[in-house]
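Chemist: Kindly return the folded structure for what I paste below:
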Amino acid sequence: MVVPGSQHKLYHPPEGLQKDAHVPDFNCYLELYKKSIEEPDVFWKEVASDFYWKKPPTGQILQYNFDVTKGNIYVKCMEGATTNMCYNVLDRNVKDKNLGERVAFYWEGNSPDHREAITYGQLLGQVCRCSNTLKQMGVRKGDRVAIYLPMIPELVYTMLACTRIGAVHSIVFAGFSAESLCERIMDSQCSILVTADGVYRGEKLINLKQIVLFTPLSWFCLYLLHPLCLIPVETLSTPCRVPCPDELRLFCGETMVQLNIRKTPWDAACDVCWEEVMGQVSEQCEPEWLDAEDPLFILYTSGSTGKPKGVLHTVAGYLLYTSLTFKYVFDHQPDDVYWCTADIGWITGHSYITYGPLANGATSVLFEGIPVHPHVGRFWEVIEKYRVTKFYTAPTAIRLLMKYGLDPVQKYDLSSLRILGTVGEPINPEAWHWYHEVIGQKRCPVVDTFWQTETVRDAECQSRMSTFPFFGVEPTILNEHGEELEGEAEGYLVFRRPWPGIMRTVYGNQERFESTYFKKFPGFYVTGDGCRRDKDGYYWIAGRIDDMINVSGHLLSTAEVEASLTDHGAVAEAAVVSRPHTVKGECLYCFVTLKDCREFNRTLVDELKRQVREKIGPIATPDFIQNAPGLPKTRSGKIMRRVLRQIARNEKDLGDLSTMADPKVVEVLFNHRCETAS
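Modeler: Numbers count the residues shown, from 1 in each chain. Model prediction:
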């Protein structure tokens, strides 16, 4: 793996790990990659042969059109085949591979005292019971089911129950606001909502029921699921019976659903005990056999900019791609205990907590809590408890835990770890080195992954977004005029062709799908990311094109500037946006969050400017550096750069902030801004 700085030092995996790996060396990778590009039908048929197909495909494995000038954009995988995702990730493992007694999930609750081991056999039984319960409620093939649950086993049961009966699940992160939840439900026209009364994240109570209570859902049947209760509420046409802000009342009209849950009055006419219902249905449920291109799920992008898009994925393609990427990226072996710390409410959790690991018969940790509760060593405690071998987390979490130093780490035995992974954002060199040297003890390869909700996975990054493409993915770089650039180059990252796991459309809005991803450069899927290819063929992902800044005719990557700032010993995190400049056109406006006990002053600002100038060049010298005690982020941890750009420009109308984890940071940043820019 290549690490920026230190003349791009090359790190090799341990010989023992390399010897038994699915892809033991670079030549093996090149052979597999070449086959996936030159003989895609042969390649994907071999992948598909490991799964059960009620009916085999009748044509080419992959068919597509990426050119809007030649007609509608489409992607088809395994056309003519029929299968079922749930059957392939559960029944196949239990009945065909005799893995019924293998642990599928070690569930670790918010409190270390709350835990459960769930075998594949038990998981199949619970999923079948939930499937039968949903069918009793009237859910049928093609119906959309919204799921608004914390990281509890019932979340997995419900999403797999949907896939078993052919319903389309739309999971909403348990923490989004009432408005965000309602927007997603209404856009996907869900007929059922599955939720819980509440969840603790650390010591903070998130009252999910209360959030749902204020959701303007006046037009559909609602079901509330909790480990203790299941509550059906029929469509109402009575006036709203709960306090409703004027803006919500206007949105929902004259009606709103009223809920009853545990700790509120029990209505025997509509309230049903979850355990009683599950106990009354069979553990046997025949799967619904689906066409390969039938919808599997809808997942909405985070909504940090504009209206969220309902990304639609389909059955066969998602099965093939998540199973293959999990197997090769994490080099899955039968004795592994794998842990992805993401939430299933995001595409990482869909792919690498549920579908990818289960398709490989893996044993995983399902984690409800947060990294620092009830103590700052929680992650390391869990790794020691379950002897985790593959650990996958976000740079944000790594930087958070770095602040607490070595003491919490040294208390625990991390010798079981073999591979580390990061996901969600570029990882800065300081965090990468700490992760590799302290957590991985200099013996664990670090796999940094670049991908999107839309694309499932595009590439496997060796460090801070230096990467080669995954099998079946053919990237290239275009300039602003759509001209393809050869050799060393920098520009727009695009893809020539699809792979099985790429999105099929934006739900209910094919026009938005085509205009967002295909109209700018006909014939290519446009990622929206900037990219640089070096002389050795490595792709370096620079971040969103929106986050590229043109300073005096020079295109600068905000990610590169941020990495330079965080290389300073005083800086814990940084975010860089553009601000209009009368001479340069645009200039760099930087927000920096300092480590504990570090003081923000003129001397530090001068040091940071000098460091950026020395690392990148004089053209990248920031015009403004602002103290940022906190940064505006979505609940998934993504920095909301749209908000930062508006703060940099002193624009007070910030629009929808419903997806922001802590809206209070905005006022703090505006107050600090007054000291920095007019």
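Chemist: Going by C-alpha atoms from here, please, whenever you check contacts or count neighbours.
Modeler: Noted.
Chemist: Distance check, residue 367 against residue 355.
Modeler: Noted for residue 367: a distance of 16 Å to residue 355, by Cα to Cα, to the nearest Å.
Chemist: Oh, that last question was meant for residue 167, not what I typed.
Modeler: Taking Cα to Cα as the measure, residue 167 falls 16 Å from residue 355.
Chemist: What of residue 144?
Modeler: For residue 144, the distance to residue 355 - Cα to Cα - is 19 Å.
Chemist: ditto for residue 183
Modeler: Distance of residue 183 to residue 355, given as Cα to Cα: 26 Å.
Chemist: Have a look at the two and say which one is more surrounded.
Modeler: It is residue 355, of residue 183 and residue 355, that has more neighbours when counted by other Cα atoms under 10 Å, with 24 against 17.
Chemist: Is the more buried one part of a helix or strand, or is it coil?
Modeler: Following DSSP: H, G, I helix; E, B strand; the rest coil, residue 355 is assigned to helix.
Chemist: Quick one, grab the pLDDT at it.
Modeler: Per-residue confidence at residue 355 stands at 98 (pLDDT).
Chemist: wait, it sits on residue 323?
Modeler: Yes - here residue 355 lies in contact with residue 323, judged by Cα atoms under 8 Å, at a distance of 7.2 Å.
Chemist: Give me the common contacts of these two.
Modeler: Both residue 355 and residue 323 lack any common contact, where contact means Cα atoms under 8 Å, 6 or more residues apart in numbering.
Chemist: Least confident secondary structure element in the chain?
Modeler: Every helix and strand of the chain was ranked by mean pLDDT, DSSP states H and E. The lowest is helix 246-252, at a mean of 25.
Chemist: And the helix ranked longest in the chain, what does it pack against?
Modeler: In the chain, ranked by residue count with DSSP state H as the criterion, the top helix is helix 120-136. Applying 3 or more Cα pairs under 8 Å, 6 or more residues apart in numbering; DSSP states H and E, we find helix 120-136 packed against strand 103-108, helix 153-165, helix 274-280.
Chemist: among those, which is nearest residue 562?
Modeler: Checking these against residue 562 by Cα to Cα gives strand 103-108 as the closest, at 34.4 Å.
Chemist: Would you mind pulling the contact partners of that closest one?
Modeler: Strand 103-108 is contacted by residues 114-120, 123, 152-153, 358, 361-369, 386 when judged by Cα under 8 Å, 6+ apart.
Chemist: what do you get for stretch 474-489?
Modeler: Surrounding stretch 474-489, the residues in contact under the criterion Cα under 8 Å, 6+ apart are 37, 469, 490-497, 521, 531-535, 537.
Chemist: Okay, and which of the residues you listed map to helices?
Modeler: Residues of the contacts of stretch 474-489 located in helices (DSSP H): residue 37.
Chemist: Give me the buried subset of the contacts of stretch 474-489.
Modeler: Buried subset of the contacts of stretch 474-489 (neighbour count, 16 or more other Cα atoms under 10 Å): 37, 469, 490-495, 497, 521, 531-533.
Chemist: how about these in a markdown table, adding distance to residue 87?
Modeler: Formatted as a markdown table, these follow (distance: Cα to Cα, whole Å):
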| residue | distance to residue 87 |
| --- | --- |
| 37 | 29 |
| 469 | 30 |
| 490 | 44 |
| 491 | 43 |
| 492 | 40 |
| 493 | 36 |
| 494 | 35 |
| 495 | 32 |
| 497 | 29 |
| 521 | 39 |
| 531 | 39 |
| 532 | 42 |
| 533 | 41 |
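Chemist: what's the closest of those residues to residue 638?
Modeler: Comparing the buried ones among the contacts of stretch 474-489 against residue 638 with Cα to Cα places residue 531 closest, at 19.5 Å.
Chemist: Need the buried ones from the contacts of strand 103-108 selected in ChimeraX.
Modeler: Selection command for ChimeraX covering only the buried members of the contacts of strand 103-108, criterion 16+ other Cα under 10 Å:
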select :118,119,120,123,152,153,358,361,362,363,364,365,366,367,368,369
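Chemist: how far does stretch 67-75 stretch from start to finish?
Modeler: Start and end residues of stretch 67-75 are separated by 12 Å (Cα to Cα).
Chemist: what comes up buried for that stretch?
Modeler: So, applying 16+ other Cα under 10 Å, buried residues of stretch 67-75: 67-68, 73-75.
Chemist: What of stretch 570-590?
Modeler: 570-579, 586-590.
Chemist: thinking again about what came up before, any idea which helix or strand comes after the longest helix of the chain?
Modeler: Using DSSP states H and E, the helix or strand that directly follows helix 120-136 along the chain is strand 144-148.
Chemist: ok, residues contacting that following strand?
Modeler: Strand 144-148 is contacted by residues 155, 158-159, 162, 167-174, 185, 188-196 when judged by Cα under 8 Å, 6+ apart.
Chemist: Now do the helices in the stretch 351-500 of the chain.
Modeler: Under the criterion DSSP state H, counting those that start in this stretch, the stretch 351-500 of the chain contains helices at 356-359, 378-386, 395-402, 407-410, 429-434.
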